[in-house]
Every structure is written in structure tokens, then in C-alpha cells.
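1. Okay, sequence plus prediction incoming.
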Amino acid sequence: MVSARNICKSFGALSVLKGIDIDIAPGRITAIVGPSGAGKTTLLQILGTLMTPDAGGVVLYDGTDVTALSDRKLSDFRNANIGFVFQFHQLLPEFTLLENVAMPALIGGAGRKEAFAKASALLARLGLESRAEHRPAELSGGECQRAAVARALVNGPSVIFADEPSGSLDSANRRELYDLFFGLRDTMGATFVIVTHDESLAARADVTVRMADGQIQSISDNINLSKQS
């Protein structure tokens, strides 16, 4: 689904990524782990088209070179094909949960009725139907993060990128969020790429990518390892 080749990224004299090659398979959860400063978030942002690689790097989505798209076409592509979940939910405080979840669909050109219907269905699926008219300040951290997942899903993206999505949650809400990810993979075929420091999530993931010093140290296909054992 997503292939990246020769991904390098430098900020001035600081080399953050040093020639990364990676493939993201559909319908799987890929965890990217490693120490702080390894380049995990920079790689995630490049794969998610939020940042461009240095010259020579290529990111392909089903064969489409997104690094060659104009800013306008890239923005449209991102809205239609990519979802994001961050460490903090980043819900807009002045809007209800329903309005927040519907926002990407409205931005993508969907009519209000269609966008709200999609958002309502997702909130119900994620157990938030009764909270649809509440604003973020009236909800728990776990509820807000589930709503952020719903927002990421509303346009039916090819892949969802998550950067330390459980970092602000307690252990109970963390487990609930992970169960949600795996449930969405199983029931919707959702594809997740998750940057995390949580080894328990890395152990459950279908694929674990370990990074250090701007390079990939190892890639473990945990599904095949499980079958072999």
C-alpha cells in the first residue's frame, strides 16, 4: 500500500533520517519503536505527507508518487486517503464531538447531511453515541481520544498514522485504545502505523519496526513469527 525509498531528512547539519526503505502492508498494524531522537516521528510525518523528504526520497501510495504532487493536490489526497491520531486529541473545543468528527468530511466536500451521518455512525461504533452533542471539555481523555480515532476514520482512509496516541492516557484507557485499534483492524480492515514507546503495543502489533540513529535496525513480521512458533 505505502512504499518509501531512500528517505533522508536533515535539519541544517543535523541528519535525522539516513536512507530509510519501508513498506506498509494493508490491513495490518505496524508499530514503530525506538529511543527518543531515533527519527520515528519524522518518518511518520513523511509517510503521512505532512513533511517532505530530502531530494531523492520517494513515497508511493499504490504506485502514486505523492512527493511529486502539487500542494493543492497533496492536500486533497491527504484528506481523502490518510487519517491522523496524535498524542493529544486536538479536538476543537468550541465544537461538539459530532461536529469534530464530521469536520474532515465537510472539508473534503461532503454535504452536511452525509458528513454528519458518517460521523454519527462512527461515534456509535466506537461507543460514543451518547456523547455526540458534548464538547471535548465535558469528556474524559479516553473518550476524546476515541473521538479522534473516529475523526481519522470518517473519510475512509487507506491508512491511519498515530503518533504516541496513548501517551496522555492512563493504563486502563491505554488498553482500551489499543483494543479499539485491533478491533478496527479486524472488523474494518483498517491499516495503522503507530509510533510508540509502549513495548506492550509493539508486542501486539502485526509488524514491529525498530529504529535507532535515523535508521531501521530491524523489521519483525509478528504474524509469521507467531505461525512459525
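-> Good, I have the coordinates. Numbering: from 1, shown residues only.

2. Figure out the helix or strand that the spatially most central residue of the chain lives in.
-> Centroid check for the chain by CA atoms, centre = their mean gives residue 161 as the closest residue, at 1.4 Å. Taking DSSP states H and E as the definition, residue 161 sits inside strand 159-163.

3. That strand pairs with which strands?
-> Taking DSSP bridges as the criterion, strand 159-163 pairs within the sheet with strand 82-85 (parallel), strand 192-195 (parallel).

4. May I have the phi/psi pair for residue 89?
-> Torsion angles at residue 89 (phi, psi; degrees, to the nearest 10) stand at phi -60, psi -30.

5. rewinding a little: quick one, what contacts the residue nearest to the centre of the chain?
-> Counting by CB atoms under 8 Å, 6 or more residues apart in numbering, residue 161 makes contact with 44, 47-48, 82-85, 192-194. Glycine gets a C-beta too; all of them are placed from N, C-alpha and C.

6. The same query, at a cut-off of 6 Å, please.
-> By CB atoms under 6 Å, 6 or more residues apart in numbering, the residues touching residue 161 are 44, 48, 84, 193.

7. residue contacts, the third one?
-> So the one you mean is residue 84. Applying CB under 6 Å, 6+ apart, one finds that residue 84 lies in contact with 152, 161.

8. what's the answer for the second one, then?
-> Shown in contact with residue 48 (CB under 6 Å, 6+ apart): 82, 161.

9. From residue 82, how far out is it?
-> From residue 48 over to residue 82 the distance is 6 Å, taken as CB to CB, to the nearest Å.

10. try residue 29
-> 16 Å.

11. Leaving out sequence neighbours, find the closest residue to residue 194.
-> residue 162 (4.4 Å; CB to CB, 6 or more residues apart in numbering).

12. Show me what that neighbour is bridged to.
-> Beta-bridge partners of residue 162, as defined by DSSP bridges: residue 85, residue 194.
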